[in-house]
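A.B. asks: okay, here's the prediction I keep looking at, along with the sequence it came from:
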Amino acid sequence: MTASRPTVTADTIRAEFAARFGHEPRGLWSAPGRVNLIGEHTDYNDGYVFPFAINRRTLIGLTLRDDNVLRVASAHAPEAVQISLDELSPENLAGWSAYPLGVAWALGQFGARLGSLPGADIYIDSEVPIGAGLSSSAAIECAVAVALNDVWHLDLDRRTLAKVGQLAENRAVGAPTGIMDQSASLLGEADAGVFLDCRTLDADVIPLGFDAAGLELLIIDTTVSHSHATGGYAARRASCEAGSAAMGVPALRDLHERDLPRAAELLDAETFRRVRHVVTENQRVLDTVRTLREHGPRAIGALLDASHVSMRDDFEISCAELDLAVETAKAAGAIGARMTGGGFGGAAIALVPHELVAPISAAVEQAFADAGYAAPTLFTVRAAAGATREL
């Protein structure tokens, strides 16, 4: 199984922070990436999702300043970016720094009086793979959100901070994503998934029981990079909005499988397929939560498989590498597999018996080599706790 990015430690952050800014950080915070077990492209349709936070985290070091300047630096960028708090606006933000600086701006939209608050030096490093569909962006946003919430004494609760992160992603970054990623990163718990109603933001923590069942969740990062700020994601969201408008409902969440025959009559073929994915995916989320509670994780494989087929055929967000990863993992003994994340690249997940992790990984690597694809990155993840202050 191929290795992924090395673990980022508190010592790493301290040393790099000092190298960039010339002084020590006063505090360290972290937030996890997430994997979505099931429920793709349902979040911005007011639907249901079932992600969990993973044991791969983004860490930040932060020290307040004596002026109103925010200065951010990253292990992935050569130079720091700085801006005064009173100049923060989506129009003034671009590139990687739009993620952390967008959070500061969004906190202002939720009541923070940016004109009277101190600035900060912030250094960011991450062990969440970028572009793999594991929400490296939300991990940055949530780490910065909990840190600024702490040092600015804003007392915003976790659900509000999720809205802050989503607003930053939508307005500052320009990616029309829902609230799932930030909710998972903020609300996650060890060995549990977050069953989230994206309309009400009600969240139930559901035990996964993977360890007890002898299962691992294998991530297969195809290394085909994707971006939510590009047109494919926005086009899918526009199709969903058109479908709900034509069906006369506030959101696709309000449709059920019994409504699909009428949808087929009213909608063009492409819009109908988009709608059918969301409607059936919402039901698969509900069925997965029920199946976990009643029968345990070894019984959810068929739901994972059906989710991938729906994303491949109805929502059309898979790619050849993701399809190969899913089919190879299943043929080699995975209980179930699907692409995860926004699509157009990124990662697939496979629910795998512990003893089959190595042979399934080898089979996927061989299949990619035989197809002439770039080597995938494979690793297992565990459900982990959400964003927190480390030091």
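C.D. replies: Thanks, I have the structure now. Numbers count the residues shown, from 1 in each chain.
A.B. asks: make it CA atoms for all contacts and neighbour counts henceforth
C.D. replies: Will do.
A.B. asks: so what pairs up with Ser74 in the strands?
C.D. replies: Here Ser74 shows beta-bridge partners Ile124, assigned using DSSP bridges.
A.B. asks: that one: neighbour count?
C.D. replies: Close neighbours of Ser74, defined as other Cα atoms under 10 Å, add up to 20.
A.B. asks: contacting residues for it?
C.D. replies: Shown in contact with Ser74 (Cα atoms under 8 Å, 6 or more residues apart in numbering): Ala80, Tyr123, Ile124, Asp125.
A.B. asks: tell me the spacing between the nearest residue to the second one once chain neighbours are set aside and Ser89.
C.D. replies: In this structure, Tyr123 finds its nearest non-sequential neighbour in Ala73, 4.8 Å apart by Cα to Cα, 6 or more residues apart in numbering. Relative to Ser89, Ala73 is positioned 19 Å away (criterion: Cα to Cα, to the nearest Å).
A.B. asks: settle it for me: which of those two has more neighbours?
C.D. replies: Higher neighbour count among Ala73 and Ser89: Ala73, with 25 against 17, using other Cα under 10 Å.
A.B. asks: my guess is Ile360 contacts Glu327. True?
C.D. replies: No. Using Cα atoms under 8 Å, Ile360 makes no contact with Glu327, being 11.0 Å away.
A.B. asks: quick one: the helices in the chain?
C.D. replies: 10-21, 98-109, 136-151, 158-167, 180-187, 231-247, 260-266, 269-295, 301-313, 320-331, 357-371 (DSSP state H).
A.B. asks: to Gly345, which of the ones you listed lies closest?
C.D. replies: helix 320-331 (7.0 Å; Cα to Cα).
A.B. asks: before we move on, back to that, which pair in the contacts of Ser74 spans the largest distance?
C.D. replies: Largest pairwise distance in those, by Cα to Cα, is 13.0 Å, between Ala80 and Asp125.
A.B. asks: who has more neighbours out of those two?
C.D. replies: Asp125 (23 against 16).
A.B. asks: for stretch 328-343, C-alpha coordinates in PDB please.
C.D. replies: The C-alpha coordinates for stretch 328-343 follow below in PDB (Å, rounded to 0.1, in the frame of the first residue of the first chain):
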ATOM      1  CA  THR A 328     -11.300  -3.700  -8.800                       C
ATOM      2  CA  ALA A 329     -11.800  -3.300  -5.100                       C
ATOM      3  CA  LYS A 330     -15.100  -5.100  -5.300                       C
ATOM      4  CA  ALA A 331     -13.700  -7.900  -7.400                       C
ATOM      5  CA  ALA A 332     -10.900  -8.400  -4.900                       C
ATOM      6  CA  GLY A 333     -13.200  -8.800  -1.900                       C
ATOM      7  CA  ALA A 334     -14.400  -5.400  -0.800                       C
ATOM      8  CA  ILE A 335     -17.800  -5.400   0.900                       C
ATOM      9  CA  GLY A 336     -18.800  -2.300  -1.000                       C
ATOM     10  CA  ALA A 337     -17.200   0.600  -2.800                       C
ATOM     11  CA  ARG A 338     -18.000   4.000  -4.200                       C
ATOM     12  CA  MET A 339     -16.500   7.200  -5.300                       C
ATOM     13  CA  THR A 340     -16.600   9.900  -2.600                       C
ATOM     14  CA  GLY A 341     -16.600  13.700  -2.700                       C
ATOM     15  CA  GLY A 342     -17.700  16.100  -5.400                       C
ATOM     16  CA  GLY A 343     -16.500  14.000  -8.300                       C
END
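A.B. asks: which residues of the stretch 251-391 of the chain score low on pLDDT?
C.D. replies: Scanning the stretch 251-391 of the chain for pLDDT under 70 picks out no residues.
A.B. asks: in terms of contact, does the residue nearest to Tyr123 touch Ala120 like I think?
C.D. replies: No. Counting by Cα under 8 Å, Ala73 does not reach Ala120; the two are 11.2 Å apart.
A.B. asks: quick one: mean pLDDT for stretch 208-221?
C.D. replies: For stretch 208-221, the mean pLDDT works out to 96.
A.B. asks: same check, this time on stretch 147-154
C.D. replies: 98.
A.B. asks: buried stuff in it?
C.D. replies: Ala147, Leu148, Asn149, Val151, Trp152 (16 or more other Cα atoms under 10 Å).
A.B. asks: which one of those is nearest Ala371?
C.D. replies: Nearest to Ala371, judged by Cα to Cα, of the buried residues of stretch 147-154 is Ala147 at 44.7 Å.
A.B. asks: which residues sit in contact with Asn45?
C.D. replies: Cys198, Cys240, Ala251, Leu252, Arg253, Val278.
A.B. asks: that one and Glu270, how far apart?
C.D. replies: 17 Å.
A.B. asks: and for Ala213?
C.D. replies: With Cα to Cα as the criterion, Ala213 and Glu270 are 40 Å apart.
A.B. asks: circling back to that earlier point, pLDDT wise, what is the residue nearest to Tyr123 at?
C.D. replies: pLDDT, Ala73: 98.
A.B. asks: from now on call the first residue 734
C.D. replies: Sure thing, new numbering starts at 734, so read that last one as Ala806.
A.B. asks: show me what contacts it?
C.D. replies: So Ala806 contacts Arg753, Glu812, Ala813, Val814, Ile855, Tyr856, Ile857 (Cα under 8 Å, 6+ apart).
A.B. asks: roughly how far apart are the fifth one and Ser807?
C.D. replies: Between Ile855 and Ser807 the distance is 8 Å, computed by Cα to Cα.
A.B. asks: tell me the spatial nearest neighbour of the most centrally placed residue in the chain, not counting adjacent residues.
C.D. replies: The residue lying closest to the centre of the chain (Cα atoms, centre = their mean) is Ser868, at 3.2 Å. The shortest distance from Ser868 to any non-neighbouring residue, by Cα to Cα, 6+ apart, is to Gly766 (5.3 Å).
A.B. asks: who does Glu949 bridge with?
C.D. replies: Residues in beta-bridge contact with Glu949 (DSSP bridges): Val1085.
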